[in-house]
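Show me how the following folds:
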Amino acid sequence: MRRALAIWLMLAAAGVAVFLLSLAVGSVPLSGAQVWHALCGGADDTAGAIVRELRLPRAAAAFACGGLLALTGALMQVLLRNPLAEPYVLGVSGGAATGALTAMLMMWPLWTVQAGAAGGALFSMVLVATLARRDLLHPQVQGGHHEAGSRLLLTGVILAAGWGALITLILSVAPEARLRGMLFWLTGDLGGTASYGLALGALALAVLLAMPMARSLNAMLMGETVAQALGVRVGAVRLSVFVLASLAIAVAITSAGSIGFVGLVVPHLVRLAWGNDQRLMLPASALLGGTLLMAADLVARTVIAPAQLPVGVITALLGVPTFLFLLLRRPR
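Prediction:
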């Protein structure tokens, strides 16, 4: 327990450092004193407006969404018993993207884009749960191999392909004036973030709900037959993990769009550094994922300042070589 606490404190300290750096660095650099006065509400000038209205919401939303993505990735890798599983593998992001892009195509208000993303994500979650309900509730072992995870994964992949076709159709008929905003949303964009309370609350709640399942998840890593022999209610745990992961990814997508590689790479980094004990790994993944997405967003808005890049581009550029390195150094 002391080791886990030390790791969490180290990651939290790194997150605070990146958070403060995100508030100070940008197209308009600010000193530490200016940031402090802005956070305390003592500055009503330009510096205060920049920190409180622009950088603070963006950094907080980046931390929350990164934490949700990384936590979801860790949960999905246990649920599917597949180290390549990531938050978008069940097609939830495709449903969210279809709902959001439909609202953009119709030129509806901004809140309808977020509502469309949330509705599409939840609809996709219900659809996957309905089609794969037997595998979620009553997983079976056949021939010594567990097939429920593979069928669940295949269901998500097929639905993701269908959502992808609809997304391509929307982009094909969209006017050119709307394409830039659509593409930014599809690659992840924190530029329009104004509120972050929901995302931060969802991250805290997701971690609190996931931690009681950590022991059961550790048992499931040894095989669901072993887990059942140890008294784990495998069907209930699988369903709980699926619902929790789907809701978490829905909140993240609604807040920041589709951001790739955070949920895939971060659990691998945590596992490589500190092992695969889910009691340590789940909070560590949330902290590291939030810190990395804050850092990526800082790069996205400063590398070609005053112009900005989609944060998903930065996570992909960092995530691809990192994952290839992890894959190549992994023992056969």
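
wait, Leu11 sits on Leu287?
Yes. At 3.8 Å, Leu11 counts as touching Leu287 under the criterion of Cβ atoms under 8 Å. Every residue, glycine included, has its C-beta placed from N, CA and C.

Let me see the mean pLDDT of stretch 115-131.
Over the span of stretch 115-131, the pLDDT mean works out to 88.

Extract the CA atoms of that stretch and return them as CSV.
Written as CSV, here are the backbone C-alpha positions of stretch 115-131 (Å, rounded to 0.1, in the frame of the first residue of the first chain):
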residue,chain,number,x,y,z
ALA,A,115,-26.0,16.4,-26.8
GLY,A,116,-25.7,14.5,-30.1
ALA,A,117,-22.3,13.1,-29.1
ALA,A,118,-23.6,11.9,-25.7
GLY,A,119,-26.8,10.5,-27.3
GLY,A,120,-24.9,8.7,-30.0
ALA,A,121,-22.4,7.2,-27.6
LEU,A,122,-25.2,5.9,-25.3
PHE,A,123,-27.1,4.5,-28.2
SER,A,124,-24.0,2.7,-29.4
MET,A,125,-23.4,1.4,-25.9
VAL,A,126,-27.0,0.0,-25.6
LEU,A,127,-26.8,-1.5,-29.1
VAL,A,128,-23.5,-3.4,-28.3
ALA,A,129,-24.9,-4.5,-24.9
THR,A,130,-28.1,-5.8,-26.6
LEU,A,131,-26.3,-7.7,-29.3
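
list the contacts for the spatially most central residue of the chain?
For the chain, the residue nearest the mean C-alpha position is Leu69 (1.6 Å; Cα atoms, centre = their mean). Leu69 is in contact with 87, 249, 252, 259, 262-263, 266, 289, 293, counting by Cβ atoms under 8 Å, 6 or more residues apart in numbering.

which one among these gets closest to Gly191?
Closest approach between the contacts of Leu69 and Gly191, by Cβ to Cβ: Ile259, at 12.8 Å.

Just the local confidence number for Ile304, please.
87.

SS state for it?
Put simply, Ile304 is coil when judged by DSSP: H, G, I helix; E, B strand; the rest coil.

Ala307 too?
State at Ala307, reduced to three classes by three-state DSSP: coil.

and it, backbone torsions?
phi -70, psi 160 (degrees, to the nearest 10).

Need the per-residue pLDDT for it.
Turning to Ala307, the model gives it a pLDDT of 84.

Show me where the protein dips below the pLDDT cut-off.
Counting by pLDDT under 70, the chain has low-confidence residues at 42-44, 137-149, 330-332.

and of the contacts of Leu69, the nearest to Arg3?
Val266 (19.3 Å).

May I ask you to confirm that that closest one is in contact with Gly73?
Yes. At 6.4 Å, Val266 and Gly73 qualify as touching, with contact defined as Cβ under 8 Å.

Give me the common contacts of those two.
With contacts defined as Cβ under 8 Å, 6+ apart, the residues shared by Val266 and Gly73 are 285, 289.

so who does Leu280 touch?
Neighbouring residues of Leu280 by Cβ under 8 Å, 6+ apart: 3-4, 7, 274.

6 Å - rerun?
Neighbouring residues of Leu280 by Cβ atoms under 6 Å, 6 or more residues apart in numbering: 4, 274.

State the next helix or strand along the chain beyond the stretch of helix or strand it belongs to.
Using DSSP states H and E, Leu280 sits within helix 278-302. For helix 278-302, the succeeding helix or strand toward the C-terminus, using DSSP H and E, is helix 311-329.

got a markdown table for the contacts of Leu69, with distance to Pro283 too?
What follows is the contacts of Leu69, written out as a markdown table (distance: Cβ to Cβ, whole Å):
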| residue | distance to Pro283 |
| --- | --- |
| Pro87 | 17 |
| Ile249 | 18 |
| Ala252 | 17 |
| Ile259 | 20 |
| Val262 | 16 |
| Gly263 | 15 |
| Val266 | 12 |
| Gly289 | 11 |
| Leu293 | 16 |
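
Mind putting those residues into JSON lines with secondary structure?
Output for the contacts of Leu69, formatted as JSON lines (three-state DSSP):
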{"residue": "Pro87", "secondary structure": "coil"}
{"residue": "Ile249", "secondary structure": "helix"}
{"residue": "Ala252", "secondary structure": "helix"}
{"residue": "Ile259", "secondary structure": "coil"}
{"residue": "Val262", "secondary structure": "helix"}
{"residue": "Gly263", "secondary structure": "helix"}
{"residue": "Val266", "secondary structure": "helix"}
{"residue": "Gly289", "secondary structure": "helix"}
{"residue": "Leu293", "secondary structure": "helix"}
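
follow-up on the earlier one: what residues of the helix holding Leu280 count as buried?
For helix 278-302, a neighbour-count test (16 or more other Cβ atoms under 10 Å) marks 278, 280-302 as buried.
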